[in-house]
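J.: heads up, no residue letters with this:
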DNA sequence: TTGTCTGTGCCATTATATGCAACAATTACT
DNA sequence: AGTAATTGTTGCATATAATGGCACAGACAA
């Protein structure tokens, strides 16, 4: 099965991808800006951007109307890494190399005249890791950051968000909506979210939300560790650290 | 400027993206498989895949003819992370949090009813990091892995690959083609590539290539550290470690 | 061989993306 | 304030370009 036909068969797709790639250089971008840069009509660009937005490849700022890259590209890149044979095979060894060397280890692959850095593994990472990979997603009701974010919302907003049933990932996962409300009340009071092995067995996690000046949660920080190292006292210490830096970061948002 | 129009305006683009997203679940995938799963005609799917391939969003195995995700998605996701305000602002603080806590720190953002993990920072990472971010690309002539890969090629293959002039990134970067050949000869002899602050000032890097059973380079491993910790002796030790694991990994490729 | 997979190439039809103008809602200027 | 020049958004006719259908060539298994 020979394959040489590397041709553009669908021009509209090529054009759409070229538009998407504008966002690599600069973000955010507006309809007009792109239409001028690419020599396309505004309505055409608008249609392309709208479709990308609906598919989660772009997000749009409600105020300015400008666009930026969305999380779908992240999901794709995670899939790329996880399914690449070399990545799957090499990473376990990289952990051991990093420990033996005591330095960072990189995995890269050649593409054309360049190398692309795929993975970075740090010394002692395996002792620390809760095995979350960047690009991964998790439900809110079973993560520390998720709880911290939910705790800052009104009941109505929560109900809107938590339409799907609360899935159980471990035997500790809170699956009852009423139970979750009690937990969120506690979360709000003590000023941090706690994931007590509710997503992954043996891993505890402390988290806080990061809000912009309007009080809207834009993200969250969490510290993750094996439950053996997560004593009651450690949890309080970690929460204190997170809340201290939370203020610093929020000032800049 | 209010914006509510989250509609699909270009059906062909929606369809193409849906096809692309098939690869998140499973890789590699063939034309027929996708056409059946999505209820599309084979020629249609073939056109979509060919276009994605030409744009680097997919790669095709020359033997089996099947497709897998390509590196363009990686470039996009790196752009997403780097341009996200919260990521830029939070990462420097995350380094300090990780050191204070001595555990992994995660940054996540809420999207719908889920949180997406954007960044992971490990304790002491700032002492280790050569500030390479996964998803980044670098030219071959100034990286340890790149040199190791080039050293395993024939002169003709190298000439084909190194058509572009050798750009200088630091004062140590080798920009002369003849000089590079000498360096590659040395690289082949001693069995490892060395980047002596040729890409980033103050950072040295030792690297080896990872080849499949046909001897074709599929990737590379490298250890990176500040030059102060990269003595002549350390370099030899690191090279020995890398070559030891290189054999283990290559057995499994 | 034969049968059945695979990915690929071709072509007419028509579904659909595009070009263009006008619109509404901000922002910038005077 | 008031005006002008932005912005993103919408609608519609036309013509482009994606699609559906079929046929083909190479790979693999029986």
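T.: Cool, the structure landed. These numbers come from a predicted model, not from an experiment. Numbers count the residues shown, from 1 in each chain, chains lettered A, B, ... in the order given.
J.: residues in contact with residue A:90?
T.: Residues in contact with residue A:90 (Cβ atoms under 8 Å, 6 or more residues apart in numbering or on different chains) are A:107, A:119, B:210, B:219, B:221, B:249. For glycine as for every other residue, the C-beta is placed from the backbone atoms N, C-alpha and C.
J.: element containing it, please.
T.: Assessed by DSSP states H and E, residue A:90 sits inside helix A:85-101.
J.: quick one: mark the members of the contacts of residue A:90 that sit in helices.
T.: If you go by DSSP state H, these have residue B:249 in helices.
J.: so what's the residue count around residue A:65?
T.: Taking other Cβ atoms under 10 Å in any protein chain shown as the criterion, the count of residues near residue A:65 is 13.
J.: just residue A:27 next, same as before
T.: Residues near residue A:27, counting by other Cβ under 10 Å: 18.
J.: could you check how far the residue nearest to it when sequence neighbours are not counted is from residue B:66?
T.: The spatially closest residue to residue A:27, leaving aside those adjacent along the chain, is residue B:83, at 4.0 Å (Cβ to Cβ, 6 or more residues apart in numbering or on different chains). Going from residue B:83 to residue B:66 by Cβ to Cβ, to the nearest Å gives 33 Å.
J.: where along the stretch 51-200 of chain A do the strands fall?
T.: For the stretch 51-200 of chain A, applying DSSP state E, counting those that start in this stretch gives strands covering A:58-60, A:67-69, A:104-111, A:114-121, A:137-139, A:193-196.
J.: got those as CSV, with mean pLDDT, mean neighbour count and distance to DNA strand D columns?
T.: Shown next, in CSV, are the strands of the stretch 51-200 of chain A (pLDDT from 0 to 100; neighbours: other Cβ atoms under 10 Å in any protein chain shown; distance: least, Cβ to the nearest atom of the strand, whole Å):
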stretch, mean pLDDT, mean neighbour count, distance to DNA strand D
strand A:58-60, 93, 22, 6
strand A:67-69, 93, 24, 7
strand A:104-111, 93, 24, 25
strand A:114-121, 90, 22, 28
strand A:137-139, 92, 18, 26
strand A:193-196, 98, 24, 34
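J.: need the ones you listed in TSV (columns: distance to DNA strand C).
T.: Formatted as TSV, the strands of the stretch 51-200 of chain A follow (distance: least, Cβ to the nearest atom of the strand, whole Å):
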stretch	distance to DNA strand C
strand A:58-60	14
strand A:67-69	16
strand A:104-111	20
strand A:114-121	24
strand A:137-139	29
strand A:193-196	34
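J.: which ones are touching residue A:111?
T.: Shown in contact with residue A:111 (Cβ under 8 Å, 6+ apart): B:71, B:137.
J.: partner residues bridging it?
T.: Beta-bridge partners of residue A:111, counted by DSSP bridges, are residue A:114.
J.: okay, the strands of the stretch 51-200 of chain A in CSV with distance to residue B:14 next?
T.: Formatted as CSV, the strands of the stretch 51-200 of chain A follow (distance: least, Cβ to Cβ, whole Å):
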stretch, distance to residue B:14
strand A:58-60, 13
strand A:67-69, 17
strand A:104-111, 28
strand A:114-121, 28
strand A:137-139, 21
strand A:193-196, 36
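J.: of those, which is nearest residue B:46?
T.: Judged by Cβ to Cβ, the one of the strands of the stretch 51-200 of chain A that comes nearest to residue B:46 is strand A:104-111, at 23.6 Å.
J.: residues from the stretch 151-253 of chain A in reach of chain B?
T.: A:161-164, A:210, A:217-225, A:229, A:237-238, A:241-242, A:245, A:248-249, A:252-253 (Cβ under 8 Å from any Cβ of the partner chain).
J.: give me that answer again for 10 Å
T.: The stretch 151-253 of chain A comes close to chain B at residues A:160-164, A:205-207, A:209-210, A:212, A:216-226, A:229-230, A:234, A:237-238, A:240-242, A:244-246, A:248-253, as judged by Cβ under 10 Å from any Cβ of the partner chain.
J.: show me which of the residues you listed are buried.
T.: Those of these that meet the buried threshold are A:161-162, A:205-207, A:209-210, A:217-226, A:230, A:234, A:238, A:241-242, A:245-246, A:249-250, A:253, by 16 or more other Cβ atoms under 10 Å in any protein chain shown.
J.: gap between residue A:23 and residue B:148?
T.: Distance, residue A:23 to residue B:148, by Cβ to Cβ: 33 Å.
J.: ignore the last one, residue A:169
T.: Computed as Cβ to Cβ, the residue A:169 to residue B:148 distance reads 42 Å.
J.: who has more neighbours, the two?
T.: The residue with more neighbours, out of residue A:169 and residue B:148, is residue B:148; 30 against 17, by other Cβ under 10 Å.
J.: and the closest residue to that one other than its chain neighbours, what does it touch?
T.: Using Cβ to Cβ, 6+ apart and skipping the chain neighbours, the partner closest in space to residue B:148 is residue B:193 (3.6 Å). By Cβ atoms under 10 Å, 6 or more residues apart in numbering or on different chains, the contact set of residue B:193 is B:140, B:143-151, B:183-184, B:186-187, B:205-209, B:220, B:222, B:239, B:242.
J.: what of residue A:34?
T.: Applying Cβ under 10 Å, 6+ apart to residue A:34 gives the contacts A:18-20, A:22-23, A:40, A:42, A:44-46, A:48-49, A:67.
J.: kindly recompute the last result at 8 Å.
T.: By Cβ under 8 Å, 6+ apart, the residues touching residue A:34 are A:19, A:22, A:40, A:45, A:49.
J.: and the residue nearest to residue A:220 when sequence neighbours are not counted, how many neighbours?
T.: Spatial nearest neighbour of residue A:220, chain neighbours left out: residue A:145 (3.1 Å); criterion: Cβ to Cβ, 6+ apart. Residue A:145 has 31 neighbours, counted by other Cβ under 10 Å.
J.: next, give phi and psi for the residue in the stretch 101-250 of chain A that DNA strand D sits nearest to.
T.: Distance from DNA strand D to each residue of the stretch 101-250 of chain A (Cβ to the nearest atom of the strand) is smallest for residue A:216, at 19.6 Å. In terms of degrees, to the nearest 10, the main-chain angles of residue A:216 are phi -80, psi 130.
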